[in-house]
Each structure stands twice: as C-alpha cells, then as structure tokens.
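*Asks:* Sequence first, then the predicted structure:
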Amino acid sequence: MRKIVLLCGAGMSTSMLMKKMMEAAKSLNYECEINAYAVVEAKRRGEDADIVLLGPQVKFSLSKVKEECPHCPVEVIDMLAYGKMDGNQVIHRVREVLGDEESNNKEGV
C-alpha cells in the first residue's frame, strides 16, 4: 500500500482533492493511503510517505520540503488538475512517478 501525503497552506483545500483522489484510486484498485496536512507539518507527516505532493499555492516551499523529505519524490500538483479537483489525473501522476502505472495505462494518460 502506498502512502501519499498532500500539503497545502492549512490542509483544507487538499482535503477536497484527497477525497477525489481516493475515489479515483478505488476505481483503479490502487491501494493507497492519502492524507492532507498543512505544509508546516511536512517533515513529521512525510517521513514515511512514498510521495509528497504540494498544492500549487505553496509551491514556494518545494525546495524546503524536498530537504525535509529526502527519501521520497516531492512534486507540486499540476495547477489545472488542482483547480479542477481532478483526482484521477493526480492519481495517475502519482502512479507514474512511483512506477506503479501499468504499461497498458501509460498509453492513455
């Protein structure tokens, strides 16, 4: 099971995206745990994560979060996907980064 951590200013807007991502993961039978937190909790919350995703509004924190979470990929969520709350697109990106995307799905993404 993959552990995905979402970070934003207060953990509120990423909570909405988290729900959409969980729906998308369920439809793909992708086993993961997704949690949303404030970016100030990056070090503590991201220490056992497989991937850490930042909301676009806190992309200025990217280098700091990468330093605090050197054991896993850290990326900023695509602004369009975030604005649309497109959990499916974000889950596909997570799977791609982690190498979990099946080869037959890569062509359609």
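*Replies:* All right, it came through fine. Bear in mind the structure is a predicted one, so any value in this text is a computation, not a measurement.

*Asks:* How about residues contacting stretch 79-95?
*Replies:* Outside stretch 79-95, the residues that touch it by C-beta atoms under 8 Å, 6 or more residues apart in numbering are 2, 4, 16-17, 19-25, 27-28, 30, 32, 51, 53, 55-56, 75, 77-78, 100-101, 105, 109. C-beta coordinates here come from the backbone N, C-alpha and C atoms, glycine included.

*Asks:* Helices of this protein, residue ranges please.
*Replies:* With DSSP state H as the criterion, the chain has helices at 13-27, 42-46, 62-68, 79-83, 87-98, 103-106.

*Asks:* If you tally nearby residues, what's the number for Cys32?
*Replies:* By the criterion of other C-beta atoms under 10 Å, Cys32 has 20 neighbours.

*Asks:* for Val39, same thing?
*Replies:* 24.

*Asks:* just Glu33 next, same as before
*Replies:* Glu33 has 13 nearby residues by other C-beta under 10 Å.

*Asks:* list the contacts for it?
*Replies:* So Glu33 contacts 1-4 (C-beta under 8 Å, 6+ apart).

*Asks:* Quick check: bridge partners of it?
*Replies:* Beta bridges link Glu33 to Lys3, judged by DSSP bridges.

*Asks:* quick one: Lys57 from Asp48, how far?
*Replies:* Lys isn't right for residue 57; it's Gln. Look at Gln57 and Asp48: by C-beta to C-beta, to the nearest Å, they are 25 Å apart.

*Asks:* Much appreciated, bye for now.
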